[in-house]
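Asks: Quick one, what's the 3D model for this:
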Amino acid sequence: MTTDNELFIGRLGKNPDRRYTQKREPICFLSVAAKTADPNNPLWKRVIVWGKQAELASLYLKKGSEVFVQGQNQIREYRDKNKQMKEIEEVKARLIGFLNL
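Replies: Numbers count the residues shown, from 1 in each chain. Below you'll find the predicted structure:
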């Protein structure tokens, strides 16, 4: 299920996690501390990047890199290892900008 559009700036909390789907399509997961009014209390966002942007993100970004993200909020359901249904909120990025490389 998709919800609102997102546009935010933040810093990566860990190195990008690039993987490939069964069809060999690149996908990259980012953990971004989005800036808020209180600099000591960022809002953590899970970001998914696909395709060429996923490959570039995994090559050029690292923990602490500053990025801006434009995408759409989505809630995804999955089954955990105990077969319980879980929900996760994430941002499916349409555009990622690398700041201060």
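Asks: Mind jotting down where the strands sit in the protein?
Replies: Using DSSP state E, the strands of the chain run over 2-12, 17-20, 26-34, 43-50, 66-79, 85-99.
Asks: out of those, deepest packed?
Replies: strand 26-34 (a mean of 20; mean count of other C-beta atoms under 10 Å). Where C-beta positions appear, they are placed from N, C-alpha and C, glycine not excepted.
Asks: Please list the residues outside it that contact it.
Replies: The contact list for strand 26-34, computed with C-beta atoms under 8 Å, 6 or more residues apart in numbering, reads 8-14, 16-21, 42-55, 57-58, 61, 67, 69.
Asks: pLDDT on it, on average?
Replies: Across strand 26-34, the average pLDDT comes to 96.
Asks: quick check: angle from that strand to strand 66-79?
Replies: Angle, strand 26-34 to strand 66-79, by axes from the mean of the first three to the mean of the last three C-alpha atoms, to 10 degrees: 110 degrees.
Asks: angle of strand 26-34 against strand 85-99?
Replies: 80 degrees.
Asks: Give the pairing partners of strand 26-34; include direction for each.
Replies: Note on strand 26-34: by DSSP bridges, its sheet partners are strand 2-12 (antiparallel), strand 17-20 (antiparallel), strand 43-50 (antiparallel).
Asks: What mean pLDDT does the last one get?
Replies: Mean per-residue pLDDT for strand 43-50: 95.
Asks: The chain should start at 49 in everything you say after this.
Replies: Let's use 49 as the start, then, which means that last one is strand 91-98.
Asks: okay, Ile102: pLDDT?
Replies: Slight slip there: residue 102 is Ala, not Ile. pLDDT, Ala102: 96.
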